[in-house]
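> compute the structure for the input listed below.
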Amino acid sequence: MCEAFEKLKGMAEYGGRYHSLTPGHADHISEEEYKGLVAEHIMFKDMAADPYLLSAGIASEWPYGRGCYVSEDRGFVIWVGEEDHLRIMCMKKGTVLNDVFERLKTALDVVSGIEGLEFAMSPDYGVVTSCPTNLGTGMRASVHIPLPILHN
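Have a look, this model is predicted:
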């Protein structure tokens, strides 16, 4: 993934940096930086604190091999080693959803273009993930809509 992150960092529409949780990694961040990213909802929380994830083996070896890439504008994030090996997210305020999908597609082309990188696929279930709700395409879309008078 470091190869993909270097390519994304070099692209004007992404830029940004990788924030590694692995001690000794070149991009390792401090505990304060980690807490700040969690507070901004950019980085995932300490998985070792979740008994379910621990019992499922998903949080083993915490924090090694984990981190997140964040674009310069903070609208594109790749979580590494959270519940799934990769969780790629693209966010943008506004009403033009195609802009989000086009940006996501461009980044996915960079990631999937890495030689030797393969994703787990099942002929019956599609993309294999640790979360059953993401089986199939592996894609989940969310839209946040303000409804100011709903409470009246």
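
> how long is stretch 17-26 end to end?
Its first and final residues considered, stretch 17-26 spans 12 Å by CA to CA, to the nearest Å.

> that should have said stretch 140-152, apologies.
Using CA to CA, the end-to-end distance of stretch 140-152 comes to 31 Å.

> so after the helix ranked longest in the chain, what's the next helix or strand?
The residue-count maximum for a helix in the chain (DSSP state H) belongs to helix 97-112. Later in the chain than helix 97-112, the nearest helix or strand by DSSP states H and E is strand 121-122.

> from the chain's centroid, how far away is that next one?
In terms of CA atoms, centre = their mean, to the nearest Å, the centre of strand 121-122 is set 20 Å apart from its chain centre.

> tell me the strands beside that strand, with direction?
If you go by DSSP bridges, strand 121-122 pairs up with strand 126-127 (antiparallel).

> quick one: the helices in the protein, in order.
2-10, 31-39, 51-56, 97-112.

> and the longest helix of the chain, what other elements does it pack with?
helix 2-10, strand 76-80, strand 86-90 (3 or more CB pairs under 8 Å, 6 or more residues apart in numbering; DSSP states H and E). Heads up, the C-betas are built off the backbone N, CA and C, glycines and all.

> buried set for it?
Buried positions in helix 97-112, judged by neighbour count with 16 or more other CB atoms under 10 Å: V100, R103, L104, A107, V110, V111.

> and for stretch 62-73?
Of the residues in stretch 62-73, W62, P63, R66, G67, C68, Y69, V70, S71 count as buried by neighbour count, 16+ other CB under 10 Å.

> from the chain's centre, how far out does stretch 83-102 sit?
10 Å.

> what's next to it, contact-wise?
Here stretch 83-102 makes contact (CB atoms under 8 Å, 6 or more residues apart in numbering) with 1, 47, 53, 58, 75-80, 103-104, 107-108, 111, 129-131, 134, 143.

> and T95, how many residues sit next to it?
7 (other CB atoms under 10 Å).

> from the buried residues of stretch 62-73, which one has the minimum pLDDT?
Lowest pLDDT within the buried residues of stretch 62-73 is found at W62 (91).

> understood, closing this out.
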